[in-house]
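S.K.: starting from these lines, generate the structure:
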Amino acid sequence: MRHFVWIVFASSMVSSVAFAEEPKAPPPSPEVKRTVDAFTGKWAYDVNVTMPGKPVVKGKLQFDCKKTALGKGVACSAGGSVPGLGKMEASFMMAYDAWSKAVHVMSVTSDDEVHDHKCTWKDDKKLDCEPLKAGMGGQEITEDLSFTIEGKTLVLKSVTTMKDGSKMVFEGIGKKK
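M.R.: This is a model prediction of the structure:
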């Protein structure tokens with residue numbers, strides 16, 4: 001009889017554990033949601049690149065940005081080519097950091113950039129980043145980066161100042177597919 005009671009008790013415990021619901025993750029904060037919503041999607045970019053002393057070059061890039069970390073951030077793969085610059089590839093991650101109250105835009109690119117930009121929402125559409133001292137192609141640079149998001153359009157502007165003071169300007173207008 002004791003075995004029967006034990007078996008009934010054990011089987012009821014197993015079935016209650018098997019059907020117990022996992023706790024649901026809390027919804028993302030408004031800052032996390034705004035950041036994730038702004039960047040998630042497949043984007044087709046028309047870009048203009050101005051190199052020091054050279055005319056503007058136009059190209060096309062594709063960004064595929066997916067939610068990551070259970071919707072707490074965005075991971076992007078980007079690629080394409082720009083005449084005169086060749087094939088380009090990059091990976092980006094964007095996430096809002098509740099501790100520093102900033103959006104981090106982290107990148108690794110095929111032109112030797114490894115960056116972690118610290119950015120702040122200025123309003124519902126504008127994300128500005130602090131000037132970043134970093135490297136590109138083994139050379140010291142300072143990059144000013146900003147984003148403007150309106151509906152299915154994401155504009156990014158990067159102004160890179162080289163050690164000698166010359167500037168490279170990268171402007172892209174992305175349309176969500």
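S.K.: so Glu140 touches Thr161, yeah?
M.R.: No - counting by C-beta atoms under 8 Å, Thr161 is not a contact partner of Glu140; they are 9.7 Å apart. Any C-beta I mention is one placed from the backbone N, CA and C, and that applies to glycine too.
S.K.: which one of those two has more residues nearby?
M.R.: Neighbours per residue, other C-beta atoms under 10 Å: of Glu140 and Thr161, the larger number sits with Thr161, 17 against 11.
S.K.: what helix or strand is the most centrally placed residue in the chain on?
M.R.: Residue closest to the average C-alpha location in the chain (C-alpha atoms, centre = their mean): Met94, at 3.0 Å. Here Met94 is covered by strand 86-97, with elements defined by DSSP states H and E.
S.K.: contacts for whatever helix or strand comes next after that strand, please.
M.R.: Toward the C-terminus, strand 86-97 is succeeded by strand 102-109 as the next helix or strand (DSSP H and E). Contacts to strand 102-109, defined as C-beta atoms under 8 Å, 6 or more residues apart in numbering, come from residues 31, 35, 88-97, 113-121, 127, 129, 145.
S.K.: which stretches of the protein form helices?
M.R.: For the chain, helices defined by DSSP state H occupy the ranges 2-18, 30-39.
S.K.: these: lowest mean pLDDT?
M.R.: Mean pLDDT is lowest for helix 2-18 among those, at a mean of 50.
S.K.: can you tell me the closest non-neighbouring residue to Val47?
M.R.: Among residues not flanking Val47 along the chain, Gly172 sits closest, at 4.3 Å (C-beta to C-beta, 6 or more residues apart in numbering).
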